[in-house]
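Chemist: Quick one, fold the following:
(2 chains)
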Amino acid sequence: MIKTIDFLNSIPLLIISVSAVITILVGSFYKKSTKYVYAVTLIALIAAIYYSFGYLDKEYLIYNNFLRVNNITTLFSIIALFAVLLSTLSAKAYIEKEEINFIEFYSLVLFSTAGMLIMIQSYNLITVFVGLELMSISFYILTGFLRKRIKSNESALKYFLLGAFMTGFLLFGISLIYGITGSMSYANIFQDTSVFKNPVFLIGSALFMIGFFFKMGLFPFHLWVPDVYEGAPTTITGLMSTAGKIAAVGTITPFIVYTASDNFRLIFSIIALLTMLIGNVTALAQSNIKRILAFSSIASAGYILVGVAAMNDLSIKSVSFYLLAYTLMQLGAFIIVSLIEKPAEGINEYRNVDIEDYKGLARTNPQLAIPLTIFLFSLGGIPPLAGFWGKYYLFYAAIQSNLIWLSISAILFSVISLYYYLKIVVYMWFNPPANGDVYKIDSMPSLSILIAAFLTFLFGIFPQYFFALFKTPFK
Amino acid sequence: MENYFYLIVILPLAGFAVNILFGKRINSEKFSGIFSSLTVFISFIISILALTEILNLPESSRIIYIDYLEWINAGSISLSFRFLVDPLSVIMILIVTGVGFLIHIYSIGYMHNDENYHIFFAYMNLFIFAMLILLLADNFVLLFLGWEGVGLCSYLLIGFWYEKKFTGDAAKKAFVVNRIGDFGFMIAMFLIFINFNTLNISDFNGILSTGNFNINQPLLITIALLFFAGATGKSAQIPLFVWLPDAMAGPTPVSALIHAATMVTAGVYLVARNSILYVLAPDATFIILMVAVLTAIITASIAIRQNDIKKILAYSTISQLGFMFIALGNFAFAVAIFHLMTHSFFKALLFLGSGSVIHSMNDEQDITKMGGLKSKMKITYLTFIIGALAISGIPPLSGFFSKDEILYKTMTEYGSLIYIIALLTAGLTAFYMFRLVALTFNGQPRYDTEKVHPHESPAVITIPLIILAALSAIGGFIGLPHYLGLPNLFGNFLKPVFEKSLALRNSYSPEMVHPVSLELILVVLSVIVAVIAIIFAYKKFSGKSEFPESKGFAKVLENKYYVDEFYDKTVVNPVLKSSEVFFWKIFDIKIIDGFVNLFSGTFLRLADSWRKFQSGVIQDYTTATVIGIVIVILYLLFK
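Modeler: Down below sits the predicted model:
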């Protein structure tokens, strides 16, 4: 039975879901202007973040054990909401430039956000599935939001087909788990640890996890990532590669760390290794900055899985810190890419997204080149930026679980990654300008860039601030 | 104290940031100079507040820890921005901000019309910031941050006039030589962390003072010597002293602030801060004493045959630093700090005075081409004389008290031989100082009176000189020797810091009681030596106008014992040669580059072939996915 208190314990989710509906209603009254919708969206996100902080260090099971609120779910929710907030702040300028400034854009962003929160907080396989689909379907539409552009349509279709395909496996996995345990609720599934010896249960869990590995972009389920990231509107790419990934990681990481046995450690390690290898090495041959960032996000998923494979006390801590750092730097980079991109003249191509176009940017647009350099250095893992500590904690967690070979390979792969990150930096600072263009930057995107750059430094110099947010230590 | 104390480091840092970021845009000498002097002045005020606050506390609770931020917390390493405010660090920050402020004021006049004026002040502020971090840090890593920070500023400021090749070389030399010492510092840190599982200075000293350690444990000796290796770099002791004379290529205020009064005393501070370690490793401390005695006498003897006014002062600084280490080598930690303080007064004074002379002589630094400046630069002359008398140890100026206490400790701790060498050094000091005074200010002008018109410097320059002269004259009274029967304020103030180490020292080597008459005899002796040396130098050089080429040992002295040549032959050239023949042409180009190129080439080729997997065809993607799933399932079934 649903109790009144349940609503009080899920305010952020309610805010987001209700305002998603409100945006549509408001939109039908003010068809011309998206001003109000934009404001509603931002207010909803800020309010949701604000209320989320109130759930830190609390523990509830709500809506008949369908959702769960605790330190970890709240933490992931905050990071995901924050990623959505940063990208929405900057999105307005981009969608105006590309002339896709429709009300539905904001509604879909909010719906996908509601999906993320449900995923992260779910305590039942059904709600996981509902949340995942809510997020995915919103993303499919957003990917094709540049509806006049073939590339955008193509990538939306690809994403949808592969997503549907993977959903089949996910559902099959869920049904196997249900078949063995007779329950959908986490509380019952993991009651009896002897099920871990049952191969059918293991296969069911594996299929379930693979469904999320697909969303995270882990090898060999990563092939869609570069195509979709390249074809989607750039702000949506930023949103998918950060908030979407946070939701996927936030759904399965606690699941894996607290329930999975050593059965999966080797397979996770191998997937992590191959993902880092493929992501980092393939990025070397790319010249489109959106594709470079796509491969970099694949590589990042690999790093995250290194921390997950550790399956120890540090895993959640390190994964969540890395996700925050990753959000700041990856999203920051995508926002800058979206500002430099030019509206299409034909119907197919994204213009000004080749790294050649970034030559001499430091001379023509230092206010873009400096933060982009910071984000790229952070992605490359150079201290004193947040990305350095992110990787440090992940690899440290792996070392604690004796995965020394994995940590060493991860460090070597992040050395390789410096090549393609620094290549962009070199282009920006040490080459003569490709063209004299000075890009227009609105106040909202610069605000989000500023926040991201500031926090990249802050958490780089004082990583402890992040952990100090949580009074009770992670279990 | 917590609520304002952090400003002491933040303000100079802000001065740095403002000058480096906006200095060029503001483009006002007045603003840059005054703003950055002001930040240091406020830091000085805060130091005074800290001093009064500490004086109001009972003696036993005068060691305060201020925790600001957690910095790094990883595994068993836990570092924070934790300041250690105790009598020792308070004295040091007073010296650094006080003398630093005077030198900032002086620089306003001295650097007038320099085209990179704002950058100069930015670096000076950064230096003050780094030096304060060094002095206040309660963990070795933070201390090292300051240690490297002051090294960096020293490098930047020596090479400030980088258009001249010589200054660039000098800056590089200072940096590289210091790096050798820093290596020792780092190894010492690692050893402490491995063996004691802490990097906090207070924790480390706490562990050492538990009494669980035998005297002269090899580990402690090693750590003590490695720290001292770091100190020989920063504080210019044998064998790493060669950078300091060259460092005089920088602007004179820099020589006064960094290369005389503050940074070079960092090594002394480091040893004093770890006094317990050195008490537990007396063998290492004895090595310090030996090195210090050698450094003091050798560099003092070099100074008597130098003609560059700043070089003489540079060698004198090394020699005086030697004196401080002699005090440390005799376990007289408070005395070392006392001499550090008085030295910072009179040496800053002498350097600034020499800057005033150089300035009015149109950048002439050779004292054989000066002479007769006494009447033309009255204030500079008088203040310089006070500084020279102070360093020579003439009572009742400050140098007399601090130096005589060191000489006395030398006698009582290790006996007459080292005492005699130290006394001889003191005599040499008086001699070369008054040779310098006589050649510069007395006699007839030896410069082209048509072209050069020496004149007194403006008030921004002379006022700091007057203040420093006053400090040099009366600064010694706070540390009166006990034979006068008056309280030694300085020693009493520092007591809580060194109490434990001195008690420990007493436990295995009890202090002997000496008759007061011994101390009095020694005082009289050293004053007589100094007076004779002064009179001798004055007589010999006052009217001198011929400077024949030197022969024999004098020539060896003039060429600084050929130490630079020796290092070139034995270290620098072999390294350069082997770099050129082997490390560069074979090892670097063939092996390293070859390996790197092979490695990167392989990955680039891999990248090129792997991008083909990214066919864009959705059927391929699903195939790959299914293969992946099948492999995972097979693994789970048959593992």
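
Chemist: What's the mean pLDDT across stretch B:79-97?
Modeler: Average pLDDT, stretch B:79-97: 91.

Chemist: distance between the ends of that stretch?
Modeler: 26 Å (Cα to Cα, to the nearest Å).

Chemist: Can you confirm whether that stretch lies near chain A?
Modeler: No - judged by Cβ under 8 Å from any Cβ of the partner chain, stretch B:79-97 stays clear of chain A, getting no closer than 8.7 Å. C-beta coordinates here come from the backbone N, C-alpha and C atoms, glycine included.

Chemist: Stretch B:193-212 too?
Modeler: No - applying Cβ under 8 Å from any Cβ, one finds stretch B:193-212 separated from chain A by no less than 15.9 Å.

Chemist: Buried residues in that stretch, which are they?
Modeler: B:193, B:196, B:198-201, B:204-205, B:207-209 (16 or more other Cβ atoms under 10 Å in any protein chain shown).

Chemist: And stretch A:51-66, by the same measure?
Modeler: So, applying 16+ other Cβ under 10 Å, buried residues of stretch A:51-66: A:51-52, A:55, A:60-63, A:66.

Chemist: Spatially, which two of these are the most separated?
Modeler: Checked with Cβ to Cβ, those reach their widest spread between A:Tyr51 and A:Phe66, with 19.5 Å between them.

Chemist: Report the buried residues of whichever strand or helix holds B:Ala473.
Modeler: Element membership for B:Ala473 (DSSP states H and E) is helix B:459-474. For helix B:459-474, burial by neighbour count (16+ other Cβ under 10 Å) applies to B:461-462, B:464-465, B:467-469, B:471-473.

Chemist: ok, which residues in the stretch 501-639 of chain B are in contact with chain A?
Modeler: So the stretch 501-639 of chain B meets chain A at B:600, B:603-604, B:606-608, B:610-611, B:613-614, B:616, B:618, B:620-622, B:624-625, B:627-629, B:632-633, B:635-637, B:639 (Cβ under 8 Å from any Cβ).

Chemist: Quick check: which helices or strands does the helix or strand hosting B:Asn597 pack against?
Modeler: Assessed by DSSP H and E, B:Asn597 sits inside helix B:593-610. Under the contact definition 3 or more Cβ pairs under 8 Å, 6 or more residues apart in numbering or on different chains; DSSP states H and E, helix B:593-610 sits against helix A:265-284.

Chemist: Can you mark which positions in the helix it packs on are buried?
Modeler: A:265, A:267-284.

Chemist: next one: stretch A:3-17
Modeler: Buried residues in stretch A:3-17, counting neighbours by 16+ other Cβ under 10 Å, are found at A:6, A:9-17.

Chemist: How about stretch A:29-40?
Modeler: Quick answer for stretch A:29-40 (16+ other Cβ under 10 Å): A:34, A:36-38, A:40.

Chemist: wait, which of those is closest to A:Asp192?
Modeler: Of these, the one sitting nearest to A:Asp192 (Cβ to Cβ) turns out to be A:Val40, at 46.7 Å.

Chemist: shouldn't that closest one be in contact with A:Ala20?
Modeler: No - the criterion here is Cβ atoms under 8 Å, and A:Val40 misses it with A:Ala20 at 9.6 Å.

Chemist: check contacts around the residue nearest the centre of chain B.
Modeler: With distances taken as Cα atoms, centre = their mean, the residue of chain B nearest its centroid is B:Val264 (1.4 Å). By Cβ atoms under 8 Å, 6 or more residues apart in numbering or on different chains, the contact set of B:Val264 is B:234-236, B:244, B:258, B:317, B:321.

Chemist: Break down the stretch 51-200 of chain B into its helices, ranges please.
Modeler: In the stretch 51-200 of chain B, the segments counted as helices under DSSP state H, counting those that start in this stretch are B:87-110, B:117-136, B:140-158, B:165-196.

Chemist: Adding distance to B:Tyr278, write the ones you listed out as JSON lines.
Modeler: What follows is those, written out as JSON lines (distance: least, Cβ to Cβ, whole Å):
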{"stretch": "helix B:87-110", "distance to B:Tyr278": "14"}
{"stretch": "helix B:117-136", "distance to B:Tyr278": "19"}
{"stretch": "helix B:140-158", "distance to B:Tyr278": "16"}
{"stretch": "helix B:165-196", "distance to B:Tyr278": "12"}
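
Chemist: what about residue 38, which SS state?
Modeler: Using chain A here. Here A:Tyr38 is recorded as helix under DSSP: H, G, I helix; E, B strand; the rest coil.

Chemist: Could you check how far it is from chain B?
Modeler: Applying Cβ to the nearest Cβ, to the nearest Å, the value for A:Tyr38 to chain B is 35 Å.

Chemist: Wait, that residue touches A:Ser90, no?
Modeler: No - in this structure A:Tyr38 lies outside contact range of A:Ser90 using Cβ under 8 Å: 11.7 Å.

Chemist: chain center to the next helix or strand after the helix holding B:Asn597: distance?
Modeler: As assigned by DSSP H and E, the chain's next helix or strand after helix B:593-610 is helix B:618-638. Put simply, helix B:618-638 sits 65 Å off its chain's centre (Cα atoms, centre = their mean, to the nearest Å).

Chemist: what ranges do the strands span in chain B?
Modeler: B:64-74, B:77-85 (DSSP state E).

Chemist: what's near enough to touch A:Glu59?
Modeler: A:69-71.

Chemist: Kindly list the main-chain dihedrals of it?
Modeler: phi -150, psi 110 (degrees, to the nearest 10).

Chemist: got the contact list for residue 158?
Modeler: Chain wasn't specified; assuming chain A. Listed by Cβ under 8 Å, 6+ apart, the contact set of A:Lys158 reads A:224, A:227-228, A:231, B:618, B:621.

Chemist: wrong one, I was asking about chain B
Modeler: The contact partners of B:Ile158, by Cβ under 8 Å, 6+ apart, come to B:167, B:170-171, B:174, B:246-247, B:249-250, B:254.

Chemist: right, is stretch B:57-73 up against chain A?
Modeler: Yes - using Cβ under 8 Å from any Cβ, stretch B:57-73 comes into contact with chain A via B:69-73.

Chemist: Would you show me how to pick out the buried ones of those in PyMOL?
Modeler: Those of these that count as buried under 16+ other Cβ under 10 Å are selected in PyMOL with:
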select buried, chain B and resi 70+71+72
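
Chemist: As a markdown table, the residues of stretch B:57-73 next to chain A with pLDDT would be great.
Modeler: Putting the residues of stretch B:57-73 next to chain A into a markdown table (pLDDT from 0 to 100) gives the following:
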| residue | pLDDT |
| --- | --- |
| B:Leu69 | 78 |
| B:Glu70 | 77 |
| B:Trp71 | 77 |
| B:Ile72 | 75 |
| B:Asn73 | 73 |
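
Chemist: Among the residues of stretch B:57-73 next to chain A, which one lies nearest to B:Tyr408?
Modeler: Once Cβ to Cβ is applied, the member of those that ends up nearest B:Tyr408 is B:Trp71, at 43.1 Å.

Chemist: Can you name the residues bridging to the nearest residue to the closest one once chain neighbours are set aside?
Modeler: The spatially closest residue to B:Trp71, leaving aside those adjacent along the chain, is B:Leu79, at 4.6 Å (Cβ to Cβ, 6 or more residues apart in numbering or on different chains). Beta-bridge pairing for B:Leu79 (DSSP bridges): B:Ile72.

Chemist: Who are the contact partners of B:Leu79?
Modeler: Counting by Cβ under 8 Å, 6+ apart, B:Leu79 has contacts B:70-73, B:139, B:141-142, B:199.

Chemist: In helices, which of the contacts of A:Glu59 fall?
Modeler: Applying DSSP state H to the contacts of A:Glu59, the entries found in helices are A:Asn71.

Chemist: pLDDT score for the residue nearest to B:Lys495 when sequence neighbours are not counted?
Modeler: Distances taken as Cβ to Cβ, 6+ apart put B:Glu59 closest to B:Lys495, at 7.1 Å, once the chain neighbours are dropped. As predicted, B:Glu59 sits at a pLDDT of 82.

Chemist: pretty sure B:Glu59 is touching B:Phe493, no?
Modeler: No - counting by Cβ under 8 Å, no contact exists between B:Glu59 and B:Phe493, whose distance comes to 9.1 Å.
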